[in-house]
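Colleague: What shape does this take:
(4 chains)
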Number of protein chains: 2
Amino acid sequence: MLELTIKKGLRATGRRMTRTRQAVLTLLERTRQPLSATEIFDQLHQEKVSIDLVTVYRTLHVLKELGLVVQLDLHQEGLSRYELKEGRKHHHHIRCQMCGHIVDLLLCPLKNVTKLIERQTQFIVDEHTLEFTGLCPECQ
Amino acid sequence: MLELTIKKGLRATGRRMTRTRQAVLTLLERTRQPLSATEIFDQLHQEKVSIDLVTVYRTLHVLKELGLVVQLDLHQEGLSRYELKEGRKHHHHIRCQMCGHIVDLLLCPLKNVTKLIERQTQFIVDEHTLEFTGLCPECQ
DNA sequence: TTCTTATTGCAAGTCTATTGCAAATATCAC
DNA sequence: GTGATATTTGCAATAGACTTGCAATAAGAA
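Modeller: Just a heads-up that it's a prediction; the model follows:
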């Protein structure tokens, strides 16, 4: 169970499971799109959950630190989005420029490329960001 | 000559070549690293060029519109960087997490992938962002 | 239930980037 | 060169994402 895993992770670092963290997690769990802090804030308020925007940011920060959540910086959006890892494989996204709809990509074409880059640049590669934009079927 | 090309581009859209635009361009031309607006502002001020930060932003916006400059959003930097196109091919970057040094990558492994994504998602792919982070040879 | 300590909300602040507007300046016609 | 006109600039103010300090609150262990 996801909730148990998370509780353990929190405990292990001297942290507590609280109503607000619960609320953020539940929302992320049932939402398919990666959410921004503001979107999480707005959505929870619509559901009459009282939470401060600062707390949303802090919660996301903690969840990211525990490796339970991934932070995305989509192409020129100027904000961060978050999605639960929850056993999902490393993947990328494509976002519609028109409607903002975000879809997961099932492939990551970069596994072989990393070695090539390391040889070429002498860097030790740590992370990569790969995000696409375009027009979704509805907006074409 | 780059300067002529730019002047033409400006003219063609009813714009003018000015001292400030000149200064931003010259700086971009002789700097190898992609620069942020603030960095451009600071550098020009160090060189006793009087320019407002707003003007830097507006200049970059215009140059981007003319297709003379590329806007980069590197992995979780929280700001945009700009570099001259100037006949250079489409490419990506890798940034050192330690010292911030940015190096060009000579390959783009995504040409074939785009078609695959279009088939898979039914999107029409327009752009992609691909940026790496890691440790540069000096920081390892 | 009580105590300790993490967590929260609020207010204020930071940083990147944008907008409105009057003043400055580039370009064109003369 | 001079003047007309339209673009560009600087300044002040503003927007929006995100952070920090601190007192009040709540989780969880005894």
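
Colleague: Put the alpha carbons of the host helix or strand of A:Leu28 into CSV.
Modeller: Assigned by DSSP states H and E, A:Leu28 belongs to helix A:19-30. The C-alpha trace of helix A:19-30 is given here as CSV (Å, rounded to 0.1, in the frame of the first residue of the first chain):
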residue,chain,number,x,y,z
ARG,A,19,-3.9,15.7,7.5
THR,A,20,-2.5,18.1,5.0
ARG,A,21,0.2,15.7,3.7
GLN,A,22,-2.5,13.1,3.5
ALA,A,23,-4.7,15.5,1.4
VAL,A,24,-1.9,16.3,-1.0
LEU,A,25,-1.0,12.7,-1.5
THR,A,26,-4.6,11.6,-2.1
LEU,A,27,-5.0,14.3,-4.6
LEU,A,28,-1.8,13.3,-6.5
GLU,A,29,-2.8,9.7,-6.3
ARG,A,30,-6.1,10.2,-8.0
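
Colleague: could you pull out the strands for chain A?
Modeller: A:35-36, A:69-72, A:81-84, A:92-96, A:102-105, A:124-135 (DSSP state E).

Colleague: returning to that earlier point: tell me what the helix holding A:Leu28 is packed against?
Modeller: helix A:2-12, helix A:37-46, helix A:53-65, strand A:81-84 (3 or more CB pairs under 8 Å, 6 or more residues apart in numbering or on different chains; DSSP states H and E). Using the backbone N, CA and C atoms, a C-beta is placed for each residue, glycine as well.

Colleague: Is any residue of stretch A:93-101 near DNA strand D?
Modeller: No - judged by CB under 7 Å from any atom of the strand, stretch A:93-101 makes no contact with DNA strand D; its nearest approach is 12.2 Å.

Colleague: Would you indicate which residues of that stretch are buried?
Modeller: Under the neighbour-count criterion of 16 or more other CB atoms under 10 Å in any protein chain shown, stretch A:93-101 has A:93-97, A:101 buried.

Colleague: Now compare those residues and name the two farthest from each other.
Modeller: A:His93 and A:Gln97 (13.1 Å; CB to CB).

Colleague: where do the contact lists of these two overlap?
Modeller: In the contact map built from CB atoms under 8 Å, 6 or more residues apart in numbering or on different chains, no residue is linked to both A:His93 and A:Gln97.

Colleague: So which residues on chain A come close to chain B?
Modeller: Residues of chain A lying close to chain B by CB under 8 Å from any CB of the partner chain are A:71, A:73-76, A:80, A:94, A:96-97, A:103, A:105-107, A:109-110, A:112-113, A:116-118, A:120-137, A:140.

Colleague: who's A:His93 bridged to?
Modeller: Per DSSP bridges, the residues bridged to A:His93 are A:Asp104, A:Glu131.

Colleague: Tell me who's in contact with it.
Modeller: Contacts of A:His93 by CB under 8 Å, 6+ apart are A:34, A:72, A:74, A:102-105, A:131-132.

Colleague: Please check these and keep the buried ones.
Modeller: Counted by 16+ other CB under 10 Å, the contacts of A:His93 give A:34, A:72, A:74, A:102-103, A:105, A:131-132 as buried.

Colleague: Just checking, which of those residues comes out lowest on pLDDT?
Modeller: Across the set of these, A:Glu131 stands lowest in pLDDT, at 80.

Colleague: pretty sure that one contacts A:Arg95?
Modeller: Yes - between A:Glu131 and A:Arg95 there is a contact under CB atoms under 8 Å: 7.0 Å.

Colleague: what touches both of the two?
Modeller: A:74-75.

Colleague: Next one: the nearest residue in space to A:Met17 that is not next to it in sequence from B:Lys48, what distance?
Modeller: Closest residue to A:Met17 apart from its sequence neighbours, by CB to CB, 6 or more residues apart in numbering or on different chains: A:Lys7 at 5.0 Å. Counting by CB to CB, to the nearest Å, the separation of A:Lys7 from B:Lys48 is 59 Å.

Colleague: Looking at the two, which one has more neighbours?
Modeller: A:Lys7 (16 against 6; other CB atoms under 10 Å in any protein chain shown).

Colleague: For A:Glu3, which non-adjacent residue is spatially closest?
Modeller: A:Glu3's closest residue in space is A:Leu25 (CB to CB, 6+ apart), at 7.4 Å.

Colleague: so that neighbour touches A:Thr5, yeah?
Modeller: No - using CB under 8 Å, A:Leu25 makes no contact with A:Thr5, being 10.6 Å away.
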